[in-house]
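*Asks:* Sequence plus the predicted model coming up.
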Amino acid sequence: MPVKIRLQRHGKKGKPFYWIVAADSRSKRDGRYLEKLGTYNPNSNPAAVTINFENAVKWLENGAQPTDTARTILSYRGILLKHHLDDGVRKGALTQEEADKKLDTWLEEKNSKIQAKIDRLSKSKSQTKTKALAAEKLVMEKRLLDAVTAKETPAAEETPAAEETPAAEETPAAEETPAAEETPAAEDSDSKS
């Protein structure tokens with residue numbers, strides 16, 4: 001029976017979530033499987049991969065062939081390296097201690113790279129948040145300043161304008177009123193004659 005290590009799609013539309021499984025190559029993609037080896041969540045950054053290391057190596061040693069995507073994930077977690085080093089130990093090219101030391105060194109480097117990416121992403125996210133908060137504070141300060149200025153400016157403008165306007169209106173109104181009264185009277189007397 002040809003066995004494949006492949007992904008089974010779960011999750012909802014637009015938000016995939018995968019199980020990494022060992023399955024018969026003749027079964028459907030989301031159908032029956034022999035063993036669930038782990039999970040893969042591409043929605044997070046960096047992608048979250050959890051996998052049973054020993055069981056995956058066991059399936060590779062028994063001849064299971066990973067699909068391209070599964071091969072990438074297994075390589076990302078160091079499972080293919082472990083399988084390769086175990087082949088070297090079986091052939092006598094290196095000892096088990098040397099193989100374990102190489103694997104541990106590689107895993108430490110890989111974990112440090114992953115952690116560095118997580119730190120970089122969280123730092124950029126916090127910087128973005130800080131910039132947005134600072135911009136929002138500037139906008140709020142400007143709005144408050146505009147509101148205070150608007151309250152002070154109309155009150156200052158209304159008071160002098162109110163004082164000036166009646167004084168200016170009183171003089172012309174006094175002059176215009178008699179002239180306006182005289183004109184209709186003059187017109188009335190002209191039209192009667």
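*Replies:* Structure received. Residues are numbered from 1 along each chain as shown.
*Asks:* List the residues that contact residue 15.
*Replies:* Going by Cβ atoms under 8 Å, 6 or more residues apart in numbering, residue 15 touches residue 43. Quick note: C-beta positions are derived from backbone N, CA and C, even for glycine.
*Asks:* three-state assignment of residue 127?
*Replies:* Secondary structure of residue 127, reduced to three states by DSSP: H, G, I helix; E, B strand; the rest coil: helix.
*Asks:* Revised request: answer the last question for residue 104.
*Replies:* helix.
*Asks:* Can you check the pLDDT for it?
*Replies:* Note on residue 104: pLDDT of 90.
*Asks:* for residue 112, same thing?
*Replies:* Reading off the model, residue 112 has pLDDT 90.
*Asks:* Doesn't it belong to a helix?
*Replies:* Yes. Checked against three-state DSSP, residue 112 lies within a helix.
*Asks:* That one and residue 93: what is the separation?
*Replies:* Distance, residue 112 to residue 93, using Cβ to Cβ, to the nearest Å: 27 Å.
*Asks:* try residue 66
*Replies:* Here the criterion is Cβ to Cβ. By it, residue 66 lies 23 Å from residue 93.
*Asks:* Please name the residues that touch the closest residue to residue 26 other than its chain neighbours.
*Replies:* Distances taken as Cβ to Cβ, 6 or more residues apart in numbering place residue 2 nearest to residue 26, at 7.6 Å, with adjacent residues excluded. By Cβ under 8 Å, 6+ apart, the residues touching residue 2 are 24-26, 65.
*Asks:* quick one, helices of this structure?
*Replies:* Counting by DSSP state H, the segments of the chain that form helices are 53-61, 68-76, 79-91, 96-192.
*Asks:* Among those helices, show the one with the smallest mean pLDDT.
*Replies:* With a mean of 74, helix 96-192 has the lowest mean pLDDT of the helices of the chain.
*Asks:* Outside of stretch 72-85 itself, which residues are in contact with it?
*Replies:* 5, 20, 40, 49, 51, 53, 56-57, 60-61, 66, 71, 94, 99, 102-103, 106-107, 110.
*Asks:* if you set the cut-off to 7 Å instead, what comes out?
*Replies:* 20, 40, 49, 51, 53, 56-57, 60-61, 66, 99, 102-103, 106-107, 110 (Cβ atoms under 7 Å, 6 or more residues apart in numbering).
*Asks:* Make a ChimeraX selection of whichever of the residues you listed turn out to be buried.
*Replies:* Those of those that count as buried under 16 or more other Cβ atoms under 10 Å are selected in ChimeraX with:
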select :20,40,49,51,56,57,60,66,99,102,103
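*Asks:* For residue 71, grab the count of nearby residues.
*Replies:* By other Cβ atoms under 10 Å, 15 other residues sit near residue 71.
*Asks:* and the gap between the spatially closest residue to it that is not a sequence neighbour and residue 47?
*Replies:* With sequence-adjacent residues excluded and distances taken as Cβ to Cβ, 6+ apart, residue 71 is closest to residue 80, at 7.0 Å. Using Cβ to Cβ, residue 80 is found at 17 Å from residue 47.
*Asks:* Thank you, goodbye.
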